[in-house]
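Q: fold the following, please.
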Amino acid sequence: MGVTTIYVPPGNMYRAINAGLRPMEADWLAYLNSDDFVYADTYERLLSKAVASKADVVYGSGDFVDAHARFLYSLGAAPPGALPSLFDNMCFGFMPHAAIFTKAVFEELGGFDESFRHIADMEFFARACFAGRSFASVPYPSVAVFRIHGDQISSRERNVAREEVVQLRGRWGRKNSVVSHLAVLRWKARNARQYLVRWLRTGSFKRAR
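A: Numbers count the residues shown, from 1 in each chain. Here you go, the predicted model:
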């Protein structure tokens, strides 16, 4: 079908994402990992919101499924106004593949930071937020799905991800504030029912990455 493929040696998925997105000539960009998926109307909904809001980044809520794609629980995305405080707290208020962003923002920020193996997605959207780029969200139902299984790199390298968060916090020189803590608590309170469903189905309150 004339689809161009680009091979990037294994080792850093963000290097591959950058390599795939940089040649794109589209006004809006997104990426999707091989074990996750989006719904049939996802990009139609996100792009419609983008046109209506003239935002730089548009995102929605996400669902979680098991290794066999059986539904487990949902997690409502945080409202745009809460994102600065959440990012201050190193908290990602939506799934990275539940978002679309302009090519202009991607180029302005220099793409994803390839020095990270696990958190360059959060760091990218946080930089966009702190740079004053506008965010908009679409209401529930969810637009993206994260698949939970034991062979995920993020599961195997959870300690590496934690170290990267500490590194990023030091780089930014940001400290958790009362405001950022309250923002996280408000977001979790909005998802209280889903946290209960998560615990009943997975035995854990920890958010999957």
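Q: shouldn't Asn33 be within a strand?
A: No. Counting by DSSP: H, G, I helix; E, B strand; the rest coil, Asn33 falls outside a strand, being coil.
Q: so how far is Ala183 from it?
A: Summarising the geometry, the distance separating Asn33 from Ala183, computed by Cβ to Cβ, to the nearest Å, is 27 Å. C-betas here are computed from N, CA, C, even on glycine.
Q: ok, these two, which is more surrounded?
A: Neighbours were counted for Asn33 and for Ala183 using other Cβ atoms under 10 Å; Ala183 has more, 24 against 15.
Q: pretty sure the more buried one contacts Gly81?
A: No. Between Ala183 and Gly81 no contact is recorded; they are 9.1 Å apart, counting by Cβ atoms under 8 Å.
Q: got the contact list for the helix or strand containing Ala136?
A: Element membership for Ala136 (DSSP states H and E) is strand 135-137. In this structure, residues lying in contact with strand 135-137 by Cβ atoms under 8 Å, 6 or more residues apart in numbering are 49-50, 53, 55-60, 77, 79-80, 83, 94, 128-129.
Q: which SSE is immediately downstream of the helix or strand Tyr14 falls within?
A: Following DSSP H and E, one finds Tyr14 within helix 13-21. Once helix 13-21 ends, the next helix or strand along the chain (criterion: DSSP H and E) is strand 28-29.
Q: ok, Gln122 - contacts?
A: Wrong residue type there; residue 122 is Met, not Gln. Each residue near Met122 by Cβ under 8 Å, 6+ apart is listed here: 87, 90, 92, 96.
Q: greatest separation within these: which pair is it?
A: Of all pairs drawn from the contacts of Met122, the widest gap by Cβ to Cβ lies between Met90 and Pro96 and measures 14.7 Å.
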